[in-house]
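1. Here's a sequence, model it:
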Amino acid sequence: MIPESAVGSVAAMGADVLVDSHCHLDQLSQPAAVMETAAAVGVTTLVAVSEDPDSINAVLQLRASYPGTVIAGLGL
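-> Numbers count the residues shown, from 1 in each chain. Below you'll find the model as predicted:
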């Protein structure tokens, strides 16, 4: 969960785009809710990272479901 105080911090930094450069959305029961919370504080793009063959497929599905928001970072 992103703290409410982060909202003001992002604005104070003058950031135009914030990217979560390493997350495991495939391991969450409600990835859409997490992405919604992230978007509320200015995070527009998330790099969903895989760690094994099973998670590669899950990450690719997330990318297909949320184009323009989820980038697939594939690895083993």
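2. mean confidence for the one helix or strand Val59 maps to?
-> Assigned by DSSP states H and E, Val59 belongs to helix 53-65. Per-region confidence: helix 53-65 scores 97 on mean pLDDT.
3. who does that helix touch, helix- and strand-wise?
-> On a contact count with 3 or more C-beta pairs under 8 Å, 6 or more residues apart in numbering; DSSP states H and E, helix 53-65 meets strand 43-49, strand 70-73. To be clear about C-beta, it is placed using only N, CA and C from the backbone, and glycine gets the same treatment.
4. Strand partners (parallel or antiparallel) of the first one?
-> On the basis of DSSP bridges, the sheet neighbours of strand 43-49 come out as strand 18-23 (parallel), strand 70-73 (parallel).
5. in it, what counts as buried?
-> Within strand 43-49, the residues that count as buried by 16 or more other C-beta atoms under 10 Å are Val43, Thr45, Leu46, Val47, Ala48, Val49.
6. coming back round to it: could you say which of the strands paired with strand 43-49 is packed most deeply?
-> strand 70-73 (a mean of 19; mean count of other C-beta atoms under 10 Å).
7. which residues are in contact with that strand?
-> In this structure, residues lying in contact with strand 70-73 by C-beta atoms under 8 Å, 6 or more residues apart in numbering are 22, 25, 35, 45-50, 59-60, 62-63.
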